[in-house]
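In: How does the following fold in three dimensions:
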Amino acid sequence: MRVLFLISLLSMGASFVSPIFAAEQLRFGNSKNGEKLHQQHCIKCHDSKVYTRPDRKINSYENLQHRVGMCASQLNIAISLEQQQDISRYLAQRFYKF
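Out: Below is the predicted model of the structure:
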């Protein structure tokens, strides 16, 4: 009886861990894929100078994610939330260093 109870608790715990893990993976994204997506979509409008100028407006990872999503939405670029996170991760690692 105790074994069944423990198995039940473990399986319930796994169901909570899985979405948390997925959300964490989404937050960090895939930088290599982000670089490819950046080349396909982002440099059509601006070059890397926008990321390195002294008066840049992006000062946090959350702000960067918002900006990438806003650009995708305003320009009607059909990319998933996961792909937006990949781009954000690439930009954070390559230019913003946060």
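In: what's the nearest residue to the most centrally placed residue in the chain if we skip its chain neighbours?
Out: By C-alpha atoms, centre = their mean, the chain has its centre lying nearest to residue 85, at 2.0 Å. Closest residue to residue 85 apart from its sequence neighbours, by C-beta to C-beta, 6 or more residues apart in numbering: residue 29 at 3.7 Å. Any C-beta I mention is one placed from the backbone N, CA and C, and that applies to glycine too.
In: Tell me, how many residues neighbour that neighbour?
Out: 24 (other C-beta atoms under 10 Å).
In: Hmm, it is touching residue 89, no?
Out: Yes. Contact criterion C-beta atoms under 8 Å: residue 29 and residue 89 qualify, at 3.3 Å.
In: mind listing what residue 51 touches?
Out: 58, 91, 94, 95, 96 (C-beta atoms under 8 Å, 6 or more residues apart in numbering).
In: would you turn those into a markdown table with pLDDT and distance to residue 72?
Out: As requested, the contacts of residue 51 are exported to a markdown table (pLDDT from 0 to 100; distance: C-beta to C-beta, whole Å):
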| residue | pLDDT | distance to residue 72 |
| --- | --- | --- |
| 58 | 92 | 15 |
| 91 | 96 | 13 |
| 94 | 94 | 18 |
| 95 | 94 | 18 |
| 96 | 92 | 18 |
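In: which of those residues are buried?
Out: Buried residues within the contacts of residue 51, counting neighbours by 16 or more other C-beta atoms under 10 Å: 58, 91, 96.
In: so the second one makes contact with residue 34?
Out: Yes. Here residue 91 lies in contact with residue 34, judged by C-beta under 8 Å, at a distance of 7.2 Å.
In: At which residues are the helices of this protein located?
Out: For the chain, the helices defined by DSSP state H occupy 2-28, 31-37, 49-52, 61-74, 81-91.
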